[in-house]
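Participant: sharing a model that was predicted from the sequence below.
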Amino acid sequence: MFTSLLFVPGDDEKKQAKSCNSGADLIILDLEDSVAAGKKEKARQVTASALKKVLPATVQRYVRVNALDTGLTEDDLRAVMPATPDGIVLPKCNGPKDVQTLSDMMAVTETTKNTGATKIIAIVTETAQGVLSLAQGGWVHPRLAGMMWGAEDLAADLGASTNSHDGQYTEPFRLARNLCLFAARAADVMPIDTIYADYKDLAGLAQYARDALRDGFDAKAAIHPAQIEIIHKAFTPTAESIDWARSVVTAFESVEAGVASLNGKMLDMPHLRTARKILARIQN
Ligand code: COA
Ligand code: MG
C-alpha cells in the first residue's frame, strides 16, 4: 500500500538525492517524457546507479520506461532491471496486452532472486485507445500493482486544448479518470490519481487530492516534493470519518445480523466495508 508517488527525472542526480527526503512512499525514476531524446542513455545509467546507491530501502523504487512503440523499452529494461527496482511504470498503455508484453520483456533481464516479483504500474489513459480498452476488462495480471490515469498526453492525443476548467476536469478527462478507477477496482489493483501539474498551487492540489480520495482512489502521483505532504494530508481520514468508522464497526459487533443502525440510519454490509477501509488507511 502507498499513498504518494513522486516522479523524478531519470537523468537528474540532484533531484534523485532530494527525493529521498521528500516523504514520498514511492519514487518513480523517469526515463520517458522528462528526459530529452539525446539523454536517454545517460538517464539509464544514472537511474540504475540511483536504484543501487541513492534511494533508501524504505521507499518503493519504480522506473518509468519509454512506451512500447518507441523501440526504447528493451534497452531501458536491460539497464535498470539488474538494479532490482520494485516495479516498472508503463506509459501509454493501450490495453492488457501491453502489460503482458512488458512483463515478458521484464522477465528477460529480471534477476533470478526477483523472478516474477517486479511489479507493474500501468498508465492507462494516455491514448484514446487506452481509454476504450478500460471498459473491456481483462486487466488481472500477477505483476500489476496499480493503474494510473494521465491527462496531459491524453489531451495531446484527443486534440483537446485543456483538460480542466473552473477547477474541474472537463468531460473527456472525467470519463478517462472514472474508467481508470472502475478498471483498477475490477482488477483488484490500486487506482492511482494523476499528477497535478501546477506545482505552486497547493490549495488546488489539496482539492483534487480530496476529490480523488472521495471517489475511491487509493493514491496520487506528484511531480514536486512540496506536493507530498499535501497528498498525505488529503488522504488521511478526518477525525469525523474515523469516529464514524469506529461506530459502524462497534454497531456490527453488538448485533449478529447483516444490518445494524447508527443514529437512526440503516447500516448494512457496504457500510461495514467502507468503515474497515477507512480504519485500514490509518493503520498503514
Ligand atoms: N524530485 C526531487 N526533487 C525535486 C523535484 C522532484 N520531482 N522537483 C523539484 N525538486 C527540487 C529542486 O531540485 C529544488 O532543489 P534545491 O532547493 O536543492 O535547488 C527544490 O526541489 C525546489 O524546486 P523548485 O525550484 O520549486 O522547482 P524546479 O524549477 O527546480 O523544478 C520541475 C520544477 C517541474 C522541473 C520539477 O519539479 C520536476 O522536474 N518535476 C518532475 C518532472 C517529471 O518527472 N515529469 C514526468 C512525469 S509527469
Ligand atoms: Mg507523458
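Facilitator: Cool, the structure landed. Residues are numbered from 1 along each chain as shown. Ligands and ions are numbered 1, 2, ... in the order given.

Participant: give me the number of residues near the closest residue to ligand 2 within the stretch 151-284 of the chain?
Facilitator: In the stretch 151-284 of the chain, the residue found nearest to ligand 2 is residue 153; the distance is 4.4 Å by Cβ to the ion. For the C-beta atoms, the positions are set from N, CA and C on the backbone; glycine is no exception. When neighbours are counted by other Cβ atoms under 10 Å, residue 153 registers 18.

Participant: how near is the closest residue to it other than its chain neighbours to ligand 1?
Facilitator: Distances taken as Cβ to Cβ, 6 or more residues apart in numbering place residue 126 nearest to residue 153, at 3.8 Å, with adjacent residues excluded. Going from residue 126 to ligand 1 by Cβ to the nearest ligand atom, to the nearest Å gives 11 Å.

Participant: kindly report the same for residue 133.
Facilitator: Distance from residue 133 to ligand 1, by Cβ to the nearest ligand atom: 21 Å.

Participant: swap in residue 210?
Facilitator: Distance from residue 210 to ligand 1, by Cβ to the nearest ligand atom: 21 Å.

Participant: try residue 279
Facilitator: 32 Å.

Participant: and the pLDDT for that residue?
Facilitator: Predicted confidence (pLDDT) at residue 279: the value is 92.

Participant: host element of it?
Facilitator: Residue 279 belongs to helix 269-283 when assigned by DSSP states H and E.

Participant: same thing with residue 88?
Facilitator: Going by DSSP H and E, residue 88 is part of strand 87-90.

Participant: tell me if that strand is near ligand 1.
Facilitator: No - Strand 87-90 stays out of contact with ligand 1 when judged by Cβ under 6 Å from any ligand atom, the minimum separation being 9.4 Å.

Participant: run through who's touching that strand.
Facilitator: Residues outside strand 87-90 that contact it (Cβ atoms under 8 Å, 6 or more residues apart in numbering) are 28, 60-65, 67-68, 77, 98-99, 102, 106, 118-123, 145, 148.

Participant: now swap in stretch 101-109 and tell me
Facilitator: In contact with stretch 101-109 (Cβ under 8 Å, 6+ apart) are residues 65, 68, 73-74, 77-78, 81-82, 88, 90, 115-116, 118, 120, 141, 143.

Participant: for the closest residue to ligand 2 within the stretch 1-150 of the chain, give me phi and psi.
Facilitator: Per Cβ to the ion, residue 33 is where the stretch 1-150 of the chain lies closest to ligand 2, at 3.8 Å. Note on residue 33: backbone dihedrals following degrees, to the nearest 10 are phi -60, psi -20.
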